[in-house]
Every structure is written in structure tokens, then in C-alpha cells.
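Trainee: Mind looking at a prediction? Sequence and model below.
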Amino acid sequence: MGKHRVLIVEDEIPIAKMISMNLRVANYDTTVYYDGREAAEGLLESHDYDIAILDIMLPGLDGFSLLEEIKKYDIPVIFLTAKDDIASKVQGLQGGAEDYMVKPFEILELMVRVEKILERTKKLDNVIHVLDLEINMEEHTVRKDGEEIILKPMEFDLLLVLAKNKNIAISREKLLKMVWGVDFMGETRTVDVHIGQLRKKLGLGEHIKTVSKLGYRLED
């Protein structure tokens, strides 16, 4: 399966560029519009998108109106907006949006939501290839050069998070929340121990980088 295509419609240029840059680092293709009407016109020419991220308050055509155009092509939508009132959320979700995020937001959370929606809509491949590894999310298996390597459940989940967010530095605290859950009461040392096991079992010493005073990054 090729790269997933993401449509971004956001009139705040720094935010649009930040979203696009992070998605591209994570191996997505992105198309950005800063105007709702221009995005609607662009859809007439090209609408082969796997997901769309829309602001609501847009020049030209607002996000709710643009959603009606996007629905014609069966593209799932995440609304991204500063409007955090209940009425807007209800209108967006009842109108057919898959999810809703309020600014300010963490880019990593947005990327996790993008991935979850792609999984739910069956647009995400169940197998991830990174370096010489094949990670099968459905089978819960990891193969290195075709040979299966047995990982403990938390080791697998940690590897999956690093692989899905390759080339992105993730703090120990965020890794704890993403892998062990928000209610986990353990220490960040837990992450270090599991990283050590992944490096040893999979020969990833050179590829799982320690980011000083932060956490870790998987580099391909």
C-alpha cells in the first residue's frame, strides 16, 4: 500500500504547516488549502484522499459546508477548531465528522487520532515495514529478515508506537501514556528498561536514539 493522502484545510498558516510537516515525516502525503472554497474546487479535480483535517472557521466556505462536499467522496473528517462550544461539536459530529479536536492541541495526539480513524475505516494497512522489520498488528508478531522475534506484549506495543511515529522524538512521559495508559503509576524508568530490551532483541541499538532530557526516537 502506498502513502496515505491527507487533505488539510486550515487558514492559520503556521498551524497548517506544522500539521503537514509532521504528517510528512510520518510518511503521509499532504495537500494543504488555506481557503474553504479553494479546497472545494480542488476536490472536483482530485479527491483521492484517505482522510481530511478541517478547520471550521474558514474564509470562502466554512468547515461545516466543506464537510458536505467532502462527504460526497466518502472521506473521513477530523474537525480542528478553536470553537469548543458544545453546539459546534454536536453539529460537526451529527454532520458526519469522525472526530473533533480543539485548539491548542498536541500534534502527536492528532496523529494518533488520524491513525485510529484510518484503522476504523479499513484504510490502514495491518503490516508496518520499518528497517528490516515486519510488524503485523493483526497477528501481533514481529519478523526480522523473515524470522519471527518473540516480544512481550508491552515490548510489542512500545515498538509499534515508535514505528508509527518514526523519526519523531517522543518523551518518556508520552510513551508511558501511549503504551501503558494514562492511569499507569509506574516510573519513566519502565520505558528505559523496555527500550533496552527492544534494542537487544531486535538489534536496534543504532536506530532507537536517546534524545537528551526527553525520550526516544526510532530512525530508519
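Mentor: That came through fine.
Trainee: Break this structure down into its domains, please.
Mentor: 5-120, 127-218 (automatic domain parsing).
Trainee: Where do the strands of this structure begin and end?
Mentor: 5-9, 29-33, 51-54, 77-81, 99-102, 127-130, 133-136, 141-144, 147-149, 170-171, 208-211, 215-218 (DSSP state E).
Trainee: neighbours around K72, how many?
Mentor: Applying other CB atoms under 10 Å, we find 9 residues neighbouring K72. Glycine gets a C-beta too; all of them are placed from N, C-alpha and C.
Trainee: Point out the most buried one among the strands of the chain.
Mentor: Counting by mean count of other CB atoms under 10 Å, strand 51-54 has the highest mean neighbour count of those, with a mean of 25.
Trainee: Each with direction, which strands does that one pair with?
Mentor: strand 5-9 (parallel), strand 77-81 (parallel) (DSSP bridges).
Trainee: closest one to T210 among the ones you listed?
Mentor: Taking CB to CB, strand 5-9 is the member of the strands paired with strand 51-54 nearest to T210, at 30.1 Å.
Trainee: model confidence over the closest one, on average?
Mentor: Averaging pLDDT along strand 5-9 gives 96.
Trainee: Over to stretch 107-114?
Mentor: 90.
Trainee: I'd like the numbering to begin with 8 instead of 1 from here.
Mentor: OK, 8 is where the count begins now, so the last one is stretch 114-121.
Trainee: Off-centre distance for that stretch?
Mentor: 4 Å (CA atoms, centre = their mean, to the nearest Å).
Trainee: can I get the CA coordinates of it in CSV?
Mentor: Output of stretch 114-121 as CSV, limited to C-alpha atoms (Å, rounded to 0.1, in the frame of the first residue of the first chain):
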residue,chain,number,x,y,z
ILE,A,114,0.4,17.2,17.2
LEU,A,115,1.1,13.7,18.5
GLU,A,116,-2.5,13.3,19.7
LEU,A,117,-3.8,14.4,16.3
MET,A,118,-1.6,11.9,14.5
VAL,A,119,-2.8,9.1,16.8
ARG,A,120,-6.4,10.1,16.0
VAL,A,121,-5.6,10.1,12.3
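Trainee: and Q204, what does it touch?
Mentor: 159, 162 (CB atoms under 8 Å, 6 or more residues apart in numbering).
Trainee: center of the protein, which residue is that?
Mentor: Nearest to the geometric centre of the chain sits M118, at 2.2 Å (CA atoms, centre = their mean).
Trainee: give me every residue that touches that one.
Mentor: M118 touches 29-30, 33, 172, counting by CB under 8 Å, 6+ apart.
Trainee: any idea how far it is from I58?
Mentor: According to CB to CB, to the nearest Å, M118 stands 11 Å off from I58.
Trainee: Kindly report the same for G43.
Mentor: 17 Å.
Trainee: can you pull out the helices in the protein?
Mentor: Applying DSSP state H to the chain gives helices spanning 20-32, 43-52, 70-78, 93-101, 114-127, 160-171, 179-182, 196-209.
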